[in-house]
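1. need coordinates for the following:
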Amino acid sequence: MKILNNKSLQTFLAIGPMISIIITLLGYFIFAFGTVIYAIVEEPESDPSLFFTGGMLFFFVLMILSFILSLANIVFFVLHAAKNPNLEKENMRLIWILVIVFVMVFGLGSMIYWFAEIKTKNPKPIIPNQF
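-> Numbers count the residues shown, from 1 in each chain. Here you go, the predicted model:
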């Protein structure tokens, strides 16, 4: 599987979910403080619903993108761990798959796997093409 050996995709999927969640949280705080400031600064007769709706839509789009990126992260690294030829001894494959799945907070499990089993290994694990 050629895509599992792509170094830039591995790096993006290892670091991307954490960055996207941070950006989503920053977007939420900007939205929340912007709503409060808008309510204070604007005239009482103005309608803040357009500002509020636009801010919520932007926040939900960021949340959905973060969710999709996190899901792609988990699927990619579980597949990588399942096919990694370096993990054939002492149930290491099962241990890494469980770490990736159960420590998926902010993509932390896959980031640990990427750093420990891909980034720092010499030689790098090459997933053989099976198709």
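2. and the most centrally placed residue in the chain, what is it in contact with?
-> In the chain, the C-alpha nearest the mean C-alpha coordinate belongs to P17, at 1.7 Å (C-alpha atoms, centre = their mean). By C-beta atoms under 8 Å, 6 or more residues apart in numbering, the contact list for P17 reads S66, L69, S70, N73, F106, G107, S110. No exception for glycine: its C-beta is placed from N, CA and C like everyone else's.
3. and if you look at V103?
-> If you count contacts by C-beta under 8 Å, 6+ apart, then V103 has G109, I112 around it.
4. so which of the contacts of P17 would you say is closest to K2?
-> N73 (18.7 Å; C-beta to C-beta).
5. and the closest one, how far from G34?
-> Using C-beta to C-beta, to the nearest Å, N73 is found at 30 Å from G34.
6. one step back: and the nearest residue to the residue nearest to the centre of the chain once chain neighbours are set aside, what's its pLDDT?
-> Closest residue to P17 apart from its sequence neighbours, by C-beta to C-beta, 6 or more residues apart in numbering: G107 at 3.3 Å. pLDDT recorded at G107 is 78.
7. and L94, by the same measure?
-> 92.
8. then P85?
-> Checking the pLDDT column for P85, the value is 87.
9. low-confidence ranges, this protein, go.
-> Across the chain, the ranges flagged by pLDDT under 70 are 1, 42-51, 130-131.
10. show me the helices in it, by range?
-> 7-41, 49-83, 92-102, 108-113 (DSSP state H).
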